[in-house]
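Student: return atomic coordinates for the entry below.
(one chain, ligands or ions: 1)
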Amino acid sequence: MSIEYSYYTTKKDLDKEYLTSLQLRSISPKYRFIGKKQSQARIDMYSSNDSKYYINPKTFMDDVKTEISEYLAQNINVIALGSSNGNKDKILLEELTKTKQASFVAVEISKELASYTLSNMNDLDIHKEVFVSDLIPENLSLISESIRESHFKTHLFTILGNTFGNNPQELISETLRDSINSDDYVLIEVHLSPDRLTPKYIQKIINAYDNEVYNEQVMLSLGRVDISTEDGYLEVEFEHDKLFPEIDSIKHYFRFSKPKMIRFMGKDLYFAKDERILVNYSNKYKLNNFKDLLKSHGFSINKEFLDENKQFGIFLCKLR
Ligand SMILES: C[S@@+](CC[C@H](N)C(=O)[O-])C[C@H]1O[C@@H](n2cnc3c(N)ncnc32)[C@H](O)[C@@H]1O
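Tutor: Presented below is the predicted three-dimensional model:
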């Protein structure tokens with residue numbers, strides 16, 4: 001079967017956005033996946049036995065795939081937004097193709113992870129296509145349209161592994177709303193937080209993030225510039241989002257232990273001793289708040305799936 005690649009995001013776009021993030025002291029979590037070292041670290045982390053936090057969701061998809069399949073049309077394009085290694089989308093596609101015709105499209109900002117997704121799907125004999133692209137409305141609506149013209153009429157967009165909680169949420173919702181029609185489905189997986197927070201829960205979640213493997217990966221988001229652990233250290237905090245106080249968030253900050261000057265894209269940037277840059281965040285949603293959020297963003301929930309520990313939620317949605 002054919003494989004096609006298209007590039008909708010260039011290195012220049014990424015560098016320009018990165019410069020602005022450095023100036024604003026807030027780097028998007030997506031930068032920890034972009035680049036050779038970064039993507040390899042992600043692949044290694046996912047396959048490592050140490051990162052238990054990341055193993056459950058794979059088996060969770062196994063538990064829910066049959067029920068999801070029952071909702072979907074006979075001919076369907078699965079469009080994975082932020083496919084990464086493609087593991088969970090593959091579990092779903094293997095199920096769908098038992099009874100349906102399917103095609104697979106990955107929309108992924110990291111070209112290295114996009115390639116990895118495809119090699120992972122090698123043994124699936126369906127049409128596969130990759131767009132190296134940011135999740136922005138202009139790109140996704142073009143991708144959606146062109147896939148409908150060349151393949152099936154109906155889409156299932158998947159946004160798995162808390163990619164929703166690693167991006168500005170209104171942007172993701174807007175991107176989706178602009179690209180889907182009333183027959184399409186969206187499958188969103190997010191990390192959940194308990195309604196009542198206990199010190200034990202907070203410590204557990206901090207431990208899942210403040211460890212050597214994860215911190216090394218987070219440091220790679222500074223890999224585009226000359227900032228390393230020689231210049232400072234990471235601080236991991238459990239917070240309520242400043243703009244949406246009902247959302248919990250695990251944040252990684254890099255604190256400078258000495259003054260530092262760097263040059264990037266022709267600009268000099270000065271960092272003072274003790275200054276911090278936000279280098280990663282992962283939002284955790286309380287179940288009812290997340291359902292309200294989906295509604296207020298224009299989606300209706302057809303089915304929700306929760307894992308036994310209520311750590312992960314998968315929501316099958318449509319446009320309202
Ligand atoms: C948290 S991982 C989740 C991966 C996978 N879906 C899973 O369930 O394991 C996020 C993936 O989405 C990609 N990604 C994150 N933000 C993105 C954006 N704004 N545009 C395109 N891809 C993005 C990253 O490169 C990474 O591969």
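Student: let's check: the centremost residue of this structure is which one?
Tutor: For the chain, Thr163 is the residue whose C-alpha lies nearest the centre (Cα atoms, centre = their mean; 2.2 Å).
Student: excluding its backbone neighbours, what's nearest it?
Tutor: What sits nearest to Thr163 in space, not counting adjacent residues and going by Cβ to Cβ, 6 or more residues apart in numbering, is Gly82, at 3.8 Å. C-betas here are computed from N, CA, C, even on glycine.
Student: Lys37 too?
Tutor: Once its chain neighbours are removed from consideration, Lys37 has its nearest residue in Leu220; the separation is 5.8 Å (Cβ to Cβ, 6+ apart).
Student: would you check that that neighbour makes contact with Arg42?
Tutor: No: no contact is recorded between Leu220 and Arg42 when judged using Cβ atoms under 8 Å, the distance being 9.1 Å.
Student: what do the two both touch?
Tutor: With Cβ atoms under 8 Å, 6 or more residues apart in numbering applied, the overlap between the contact sets of Leu220 and Arg42 consists of Arg32.
Student: give the contact list for Thr232.
Tutor: No, residue 232 isn't Thr; it's Gly. The contact partners of Gly232, by Cβ under 8 Å, 6+ apart, come to 254-258, 260.
Student: hey, what's it bridged with?
Tutor: The residues listed as beta-bridge partners of Gly232 by DSSP bridges are Phe256.
Student: need the residues of the stretch 1-150 of the chain near the ligand, please.
Tutor: Near the ligand, the residues belonging to the stretch 1-150 of the chain are 30, 33, 82-84, 88, 108-110, 113, 134-135 when assessed by Cβ under 6 Å from any ligand atom.
Student: mind checking which of these are buried?
Tutor: Buried residues within these, defined by neighbour count using 16 or more other Cβ atoms under 10 Å: 30, 33, 82-84, 88, 108-110, 113, 134-135.
Student: farthest-separated two in those?
Tutor: Lys88 and Asp134 (20.9 Å; Cβ to Cβ).
Student: Val213 sits in which helix or strand?
Tutor: Take DSSP states H and E as the rule and Val213 turns out to sit in helix 212-219.
Student: buried residues in that helix?
Tutor: Buried residues in helix 212-219, counting neighbours by 16+ other Cβ under 10 Å, are found at 214-219.
Student: before we move on, what about stretch 295-315?
Tutor: By neighbour count on 16+ other Cβ under 10 Å, the buried set for stretch 295-315 is 297, 299, 301, 304-305, 307, 311-315.
Student: low-confidence stretches in the chain?
Tutor: Counting by pLDDT under 70, the ranges of the chain that qualify are 1-4, 48-58.
Student: for the longest helix seen in it, list every residue counted as buried.
Tutor: When every helix of the chain is counted residue by residue (DSSP state H), the longest turns out to be helix 56-71. By neighbour count with 16+ other Cβ under 10 Å, helix 56-71 contains the buried residues 57, 60-61, 64-65, 68-69.
Student: just curious, which of those residues is nearest to the ligand?
Tutor: Using Cβ to the nearest ligand atom, Pro57 is the member of those that sits closest to the ligand, with 6.5 Å.
Student: picking that back up, so how far is Ser110 from the residue nearest to Lys37?
Tutor: Leu220 sits 11 Å away from Ser110, taking Cβ to Cβ, to the nearest Å as the criterion.
Student: pull up the overlap in contacts between the two.
Tutor: Residues touching both Leu220 and Ser110 (Cβ under 8 Å, 6+ apart) are 35, 38.
Student: returning to that earlier point: and the ligand, is the helix holding Val213 touching that?
Tutor: No: under the criterion of Cβ under 6 Å from any ligand atom, the ligand is not reached by helix 212-219; the shortest gap measures 10.8 Å.
Student: other residues contacting that helix?
Tutor: Surrounding helix 212-219, the residues in contact under the criterion Cβ under 8 Å, 6+ apart are 32, 38, 41-42, 45, 48, 50-51, 208, 228-229, 234, 236, 252, 254, 279-280.
Student: which residues of the protein fall in helices?
Tutor: Listed in chain order, the helices of the chain (DSSP H) span 11-24, 36-47, 56-71, 87-99, 111-120, 137-150, 169-177, 199-209, 212-219, 287-296.
Student: quick check: which of the ones you listed is nearest to Met265?
Tutor: Met265 sits nearest to helix 11-24 of all the helices of the chain, at 4.9 Å, using Cβ to Cβ.
Student: ramachandran angles for Ile247?
Tutor: As for Ile247, its main-chain torsions (degrees, to the nearest 10) stand at phi -90, psi 130.
Student: do Asp183 as well
Tutor: According to degrees, to the nearest 10, the main-chain angles of Asp183 amount to phi -90, psi -10.
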